[in-house]
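Asks: from the sequence below, what's the structure:
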Amino acid sequence: MHTSLINAALLCLLLTGSAWGESSALPLSAADTAGQGSPAAEEAGAAQRRIKTIGIIGGVSWVSSLEYYRLMNEQVRDRLGGLHSAPILMYSIEFGDFSKQERLAAQGDWRPLKATMIDAAKRLEQGGADFIVIASNTMNSTAELIAEHVAIPVLHIADATGRKVKASGIKTVALLGTKHTMEADFYRDHLDRFGLKVVVPNAAERDQINTVIFDELCTAQFKDESRQAFVRIIERMVREDGAEGVILGCTEIPLLIKQDNVSVPVFDTTAIHAEAAVDYALTSH
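Replies: Numbering: from 1, shown residues only. Take a look at the predicted model:
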C-alpha cells in the first residue's frame, strides 16, 4: 500500500516536472503567494523594476568603496522609503597588486593597469550591471577607455562634480587629490566643460597630499596632523589663489576633511558621485 502511494507521487512529479523546468523554479504554495497581490507587494515590485543595477569598480581603495556602498543604499532608502536599498554589483580590485600597476603607470607603462580596469568593467557587465561607476577619482582617467570595451554607460566622477560646482555659482575651485589627478589633464578637461577655473596646490603640497593619501588614508589612518596640513593648504589657496571652494578629488579625502574644517564650500566627490549614480539608477530611460 505504501509502495503504491510512493509510485503515484513519483508519477505526479514526472507529469508536472516539465512545467517546473520551464520556469527554473518550484511552484509557490498558497501561503507563498498570499501577499503577492497586496499594495505593498506591488509597490515593492514596481520599485525593484525601476531601479537600475549599479556596477561599482571598487577596492581602489576599499576604504572609500565602503562609503560608496553606504551612501548609495542610504539614498535609495531615503527616496523610496521603507526597506528599499540599491541593487549593486561591486568588483573590488586587490589594491596591493594594483598599487604596483599604478607605479608602472607612473613610469609610463599603463598596460597592466588598463587591462585590470577593463577586466573589472567586463565582469560587472557580464554580471548584469546596467551602468558603471569607478569608485576612485584617479581611476576615472580610464573611464573613456572602459566605455570603449563595454556596452553600458560609465558615469564619470568629474562630470558629476562639475555639475555640482557650477550649480553652486562658484567659478574658481581648488582641486586636491593624488598627484595624477592634480597634474594630469583628464580631470581638468571635464571641469573645463562647466566653465570652471581649476587651481591646484604647489609641487611640495602635491607631494605631501599624495603621500598622505597612499600611506595613511588608503589604509584607514586619519591623523590630526594630516588634517591640519590639508586645512593649511586649502586656506592658503583661498588667500593666494582665489579658490572659492575646494574639490576633495580623492574619494578618501572626505573621510579626513569635512565642511566644518575649512572656510569655503567643500565638494565631497564620493557623495556627489554616489548621488549621481542613484539619480541615474532611478531614471526610467
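Asks: strands of the stretch 151-285 of the chain, start to end?
Replies: Remark: strands assigned in the stretch 151-285 of the chain by DSSP state E, counting those that start in this stretch are 154-155, 172-176, 197-199, 245-248, 266-268.
Asks: which strands or helices does the third one pack on?
Replies: Of the remaining helices and strands, those touching strand 197-199 by 3 or more CB pairs under 8 Å, 6 or more residues apart in numbering; DSSP states H and E are strand 172-176, helix 185-192. Placement of C-beta: from N, CA and C, glycine included.
Asks: which secondary structure elements does the shortest one sit against?
Replies: Other helices and strands packing on strand 172-176, by 3+ CB pairs under 8 Å, 6+ apart, are helix 179-183, helix 185-192, strand 197-199, helix 224-241, strand 245-248.
Asks: and those as JSON lines, adding distance to T142?
Replies: Compiled in JSON lines, the helices and strands packed on strand 172-176 are given as follows (distance: least, CB to CB, whole Å):
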{"stretch": "helix 179-183", "distance to T142": "11"}
{"stretch": "helix 185-192", "distance to T142": "9"}
{"stretch": "strand 197-199", "distance to T142": "20"}
{"stretch": "helix 224-241", "distance to T142": "26"}
{"stretch": "strand 245-248", "distance to T142": "19"}
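Asks: nearest approach to A151 belongs to which of these?
Replies: Nearest of the helices and strands packed on strand 172-176 to A151, taken as CB to CB: helix 185-192 at 22.2 Å.
Asks: about what we covered before: need the strands of the stretch 151-285 of the chain in JSON lines (columns: mean neighbour count, mean pLDDT and distance to G82).
Replies: Below are these laid out as JSON lines (neighbours: other CB atoms under 10 Å; pLDDT from 0 to 100; distance: least, CB to CB, whole Å):
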{"stretch": "strand 154-155", "mean neighbour count": "20", "mean pLDDT": "98", "distance to G82": "26"}
{"stretch": "strand 172-176", "mean neighbour count": "24", "mean pLDDT": "98", "distance to G82": "38"}
{"stretch": "strand 197-199", "mean neighbour count": "16", "mean pLDDT": "98", "distance to G82": "41"}
{"stretch": "strand 245-248", "mean neighbour count": "26", "mean pLDDT": "98", "distance to G82": "32"}
{"stretch": "strand 266-268", "mean neighbour count": "21", "mean pLDDT": "98", "distance to G82": "27"}
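Asks: out of the ones you listed, nearest to T138?
Replies: It is, among those and with distance given as CB to CB, strand 172-176, at 12.1 Å.
Asks: where in the stretch 1-150 of the chain is pLDDT low?
Replies: The stretch 1-150 of the chain contains residues with pLDDT under 70 at 1-49.
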